[in-house]
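# With the sequence up front, the predicted model follows.
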Amino acid sequence: MKSVLQRVKEAKVVVAGEVVGKIGRGVLVFLGVEKGDTPVDVEAMVKKISQLRIFPSPHGGRMDLANFEVDGEYLVVSQFTLAADLHKGNRPSFDNAAPPEEAEALYNFFVEQMSKGPCRVATGKFRAMMDVSLVNDGPVTFIL
């Protein structure tokens, strides 16, 4: 399982001209589910993301605060391309990506687990072509 986290001032997902998910200040999470990932992996990823201190302290520039401490939100977007293997040739291989049914189940479980925390969680639409827009705060981006 891989994720790319971006600290944002705002972000939204549009599918077929309709906004399906939108947040203000918070974290945009791109989530890629790979073959062999389990609910245990999801729980570990949720724990790490929800406790990650990536917001600045009001007393200085250090990253001392977690998303919940700044009343942030999460926007979770499925992104199977994170499972791409780029080692051979010029065309990505997606052999490492979990099959769509398995990936969707773990993605939904991830969203469910994130929603148990204090932060509001919005989502994209699984297996849809999505237009994702964001205002990156920093920029601050992390890969897990």
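Looks like it came in fine.
# I'd like the distance between residue 19 and residue 33.
Residue 19 sits 24 Å away from residue 33, going by C-beta to C-beta, to the nearest Å. Backbone N, C-alpha and C define where each C-beta goes, glycine included.
# Tell me which of the two has more neighbours.
residue 33 (29 against 12; other C-beta atoms under 10 Å).
# Give the closest residue to that one in space, chain neighbours not counted.
Counting by C-beta to C-beta, 6 or more residues apart in numbering, residue 33 lies nearest to residue 103, which is 4.0 Å off, once chain neighbours are set aside.
# I am assuming that neighbour contacts residue 96, so please confirm or correct that.
No: with contact defined as C-beta atoms under 8 Å, residue 103 and residue 96 do not form a contacting pair (11.2 Å).
# Looking at these two, which is more packed in?
It is residue 103, of residue 103 and residue 96, that has more neighbours when counted by other C-beta under 10 Å, with 23 against 16.
# and the next element down the chain from the host helix or strand of that one?
Assigned by DSSP states H and E, residue 103 belongs to helix 100-114. Using DSSP H and E, the helix or strand that follows helix 100-114 in sequence is strand 121-123.
# which residues in this protein form strands?
Secondary structure of the chain (DSSP state E): strands located at 2-15, 18-23, 26-32, 53-56, 63-66, 73-78, 121-123, 131-143.
# Stretch 129-140 - what's its average pLDDT?
For stretch 129-140, mean pLDDT is 96.
# which residues sit against that stretch?
Contact with stretch 129-140 is made by 6-15, 20, 25, 28, 54, 63, 77, 124, as judged by C-beta atoms under 8 Å, 6 or more residues apart in numbering.
# do the same with stretch 107-120
Against stretch 107-120 from outside (C-beta under 8 Å, 6+ apart): 23, 26, 29, 31, 33, 39, 42-43, 45-46, 49-50, 67-68, 72-74, 76, 78, 121, 123, 126.
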